[in-house]
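> the sequence and its predicted three-dimensional model are supplied below.
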Amino acid sequence: MIYRETGQFRTSYAADQAIFRLRQDRIGIALVLLFAWVGVPLLADDYLLRAILVPFLILAVGAIGLNLLLGYCGQISLGTGAFMAIGAYAAYNLALRLPGLPLLLDFLLAGLVAAAVGVLFGIPSLRIKGLYLAVATLAAQFFVDWMFARIGWFTNYTPSGSVTAPPLDLFGWLIDTPLEKYWLCLAFACLTAIVAKNLVRSRIGRSWMAIRDMDIAAEIIGIRPMTAKLSAFAVSSFVAGVAGVLWAFVHLGSWEPLAFSIDMSFRLLFMVIIGGMGSILGSFLGAAFITILPIFLNQAPALIGIELSTAMVSHLEFMIFGALIVLFLIVEPHGLARLWQIGKEKLRLWPFPY
Amino acid sequence: MLATAPAATAPTTQRRRAIGEVLLAVEGISLRFGGVRALTDVSFDIRKGEIRAIIGPNGAGKSSMLNVINGFYHPQEGRIVWKGRARPRMRPHEAAKGGIARTFQNIALFKGMSTLDNIMTGRILKMRASFLEQAFWIGRGRSEELAERAFVERIIDFLEIQHIRQVPVGKLPYGLQKRVELARALAMEPELLLLDEPMAGMNLEEKEDMCRFILDVNEEFGTTVALIEHDMGVVMDISDRVVVLDHGRLLADGTPAEVRDDPAVIAAYLGVAHG
Amino acid sequence: MAELGPFLEVLLGGLMSGVLYSLVALGFVLIFKASGVFNFAQGAMVLFAALALVRLDEWMPLPLALVLAMAIMVAVAFAIERLVLRPLVGQHGLILFMATIGVTFFLDGFGQTVWGSNVYQLELGIPSTPWFLLEGLFPGGILVSPVDVFATVIAGSLVLALSVFFHGTRIGRALRAVADDHQAAQSVGIPLNQIWLIVWSTAGIVALVAGMAWGSKLGVQFSLSLVALKALPVLILGGLTSIPGAIVGGLLVGAGEKLAELYLGPLVGGGIEYWFAYVLALAVLLVRPQGLFGERIIERV
């Protein structure tokens, strides 16, 4: 009853092109944003903010990055972790060697560095497809892993291999409480979501999707596969790079190269698959799922009286991830986002089933 | 074998569209795939404003010919003259920019996108907004989207597909998919429209509609059309000139009436029972 | 002459580990040839098989453990084919690939849940004292580990057997038909499901042998599944559909990375083995997008 479209006529193309076409959707998103910016700070404790919400938001940003490349442009990448690492180390070195620059500029430049490297590793995608491309991106992942571990300049020759981020000083405002960190990440998440959504409904997004669906047909429209694919790699790597900086500076504080290993790449891949490929909302849903599941697995057995070792929990995690991936791919390849859409469709008809 | 001709459209003798000078010419085109000869020394031209049919038995090389014009296949010999400029081969991107659009036998739509988005991709070459304008939905990023949407809506009206705007094309029936593909090609505002069996698999009513659309496109927008078609009734009725291919060679080239009466064509293609 | 000594030693060692890579790659090729699926889970299958063998060996004599492990791998193959592949028949290759990534994680967790996650030593009764070959020619001789030799012999025999199987027998021919065109094969009466079962079971057994070979060399532990990741460059070099390609690719990668570590390693601080194979594969792909032995696909529009 509530979720009805009747009476809402879109009388201009502008209204039809809007991101949230239905008034109910607009109210919904307004409520969500209100809750995120105001409600959560009032309700959440430091642990929730620090250990769950901040990583969730940063991983959502990373997932959006991968989704743009994989879900919208159809280019498989198993090396997203590497681009996050590039962003993190680039920002670290910028902050270290050019201390005069404002921190946000470091973030931006780090993203650009990641984008440039992304373009470099995207060049093979012009000739290589599908599985072979996956292997090429793994090459990037392993090479970058090794590079930051072995080439001392990147880590300022620290003996332990681990580096520490500078204090988060945003034009005089020092970000050091969990709440402030949460707001910072929330801001980035919102900005990334808006920009990503704009891109996918514009010319560039359509060219990506055309390449994904049928690159031969895309060529006859005048789309240059090179431009489309490389732009996808560039944007995706930029976003991943920024996510990497956030992960290192805001979430971890101190990190070593292993923080961005292939595990991270796979984690992001799972988020995109489970959340929904080709969906910005899906990136958030997937990130939420992957962030919450380990915690759930940690707490749930205790709640029902079963004792599990941490190793066992980790094994269970693997098993459940794996099973869920297969399940989603069989049942709903478009992930949680599609399930959400189906739910909304049902709501529109409710209480009438047809 | 001659199917019932769609009667709804004006016969060719009464068409007002003037036929101009040569828009595209292929000269001595030979195409081989390894040992298979797809085309051998084929030459013909297409004049501005006309509807040119390319016919021939299966495997005659018709689709290959379109692919050569389009730039997908590169001929081993021969050249393509497009708008007066000769070149040994075309590239798909050049063809698109130069004003050539096409549809495919097996439908090359973007299955993951809606009808509207598919047609909008046809406008990509006309859109100039910079990356940042798109990212923040400002300036040309916004205005172009709305302007192109308006343009595409006119095509949607023209082809009567308003009701399926938001439907993902993968879910559409075959006949409508073909229409959407045509719409996407039209969105490119092409000078030359290459249609590969635009009416394959359609029932009589759909064929009539498609014929009407093709004729309207030719008359209202002056678009030159080259189409591969098996339905002889359609060919006789709407085309100005016909090219007949057989086993990769040019068999005949002339008006529909000339081609229909050509004994070589009859022997190779139409069969003995005719008339 | 003195420099040749270490070179030969490293080369030999590299070639032998190359044979083992080939073995893992073979499992991939089998499945890909027959069903067009790239089975990312092959590495996890190797680990699972090795774990099963090692643990069973603790309770029963080795030959019995071997037979039981084989049966288990066939059961695993059956389950994968039934639960994962059949529902996804006809889907885009990328989807199937990601499904096998899911299977990998599942097998990983499941294997360690059932068999335990410690490092286990696989005792196959092979003497562990190294042999020294050609002591007359090179001072100290060339160090060769009997375990390596054993693994090489096993792997080599299996590869030979599989090649004969594929090209010589009726079932092998059927498998090749299936790889070429599912529908055409079905229409001549080849039972697709049975074929896939055979193929996956074979891949499972190959995984077992690979697990045995690697396990006796490295000990059976989690990092075995990382071996699968190493097999990817092998497949790139060898092409996904070629058995000889898998062999050559494995040898190239095995020898290549050890030699690169020996000669290039000191220049850049070591650890080259980590990425050498991948970068090599990438370089090859840039020149030949279908790999060294793969087939060029002409897309017809």
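Sure thing, it's come through. Remember, predicted model here, so these are calculated numbers, not experimental data.

> read off the pLDDT value for A:R338.
Looking at A:R338, its pLDDT is 85.

> list the contacts of the residue lying closest to C:T100 once chain neighbours are set aside.
Setting aside the residues directly before and after it, C:T100 is nearest to C:F40 in space (Cβ to Cβ, 6 or more residues apart in numbering or on different chains), at 4.1 Å. From N, CA and C alone the C-beta is placed, and that goes for glycine too. Neighbour list for C:F40: C:97, C:100-101, C:103-104, C:228 [criterion: Cβ atoms under 8 Å, 6 or more residues apart in numbering or on different chains].

> and those residues, which is closest to chain B?
C:F97 (18.1 Å; Cβ to the nearest Cβ).

> for burial, what's the neighbour tally of the closest one?
C:F97 has 18 neighbouring residues, counting by other Cβ atoms under 10 Å in any protein chain shown.

> next structured bit after the host helix or strand of C:V164?
Assessed by DSSP states H and E, C:V164 sits inside helix C:146-168. Proceeding N to C from helix C:146-168, the next assigned helix or strand is helix C:170-180, under DSSP H and E.

> now for that next one, which elements pack on it?
Judged by 3 or more Cβ pairs under 8 Å, 6 or more residues apart in numbering or on different chains; DSSP states H and E, the packing partners of helix C:170-180 are helix C:4-35, helix C:146-168, helix C:182-187, helix C:192-218.

> can you do 6 Å?
Here helix C:170-180 touches helix C:4-35, going by 3 or more Cβ pairs under 6 Å, 6 or more residues apart in numbering or on different chains; DSSP states H and E.

> got the angle between the helix it packs on and helix C:192-218?
Interaxial angle, helix C:4-35 versus helix C:192-218 (axes from the mean of the first three to the mean of the last three Cα atoms, to 10 degrees): 160 degrees.

> would you mark the buried spots in helix C:4-35?
Within helix C:4-35, the residues that count as buried by 16 or more other Cβ atoms under 10 Å in any protein chain shown are C:5, C:8-35.

> the closest residue to chain C within the stretch 1-150 of chain A: neighbour count?
Proximity of the stretch 1-150 of chain A to chain C (Cβ to the nearest Cβ) peaks at A:A139, 3.6 Å away. Residues lying near A:A139 (other Cβ under 10 Å) number 28.

> what's the nearest residue to it if we skip its chain neighbours?
Computed as Cβ to Cβ, 6+ apart, the closest residue to A:A139 that is not its neighbour in sequence is C:Y278, at 3.6 Å.

> and the one you found, how far from B:A38?
Between C:Y278 and B:A38 the computed distance is 40 Å (Cβ to Cβ, to the nearest Å).

> in terms of neighbours, single out the busier of those two.
Per other Cβ under 10 Å, whichever of C:Y278 and B:A38 has more neighbours is C:Y278, with 25 against 22.

> now the more buried one: which helix or strand?
Going by DSSP H and E, C:Y278 is in helix C:273-287.

> what is the mean pLDDT for that helix?
Mean predicted lDDT for helix C:273-287 stands at 81.

> the residue in the stretch 1-150 of chain A that chain B sits nearest to - how many residues pack around it?
Residue nearest to chain B within the stretch 1-150 of chain A: A:Y13 (4.5 Å; Cβ to the nearest Cβ). Around A:Y13 there are 16 other residues, counting by other Cβ under 10 Å.

> about what we covered before: how far off helix C:4-35 does the helix holding C:Y278 point, in degrees?
Using the same axes, to 10 degrees: helix C:273-287 against helix C:4-35 is 60 degrees.

> can you give me the offset of helix C:273-287 from its chain's centre?
Relative to its chain's centre, helix C:273-287 lies at 18 Å (Cα atoms, centre = their mean, to the nearest Å).
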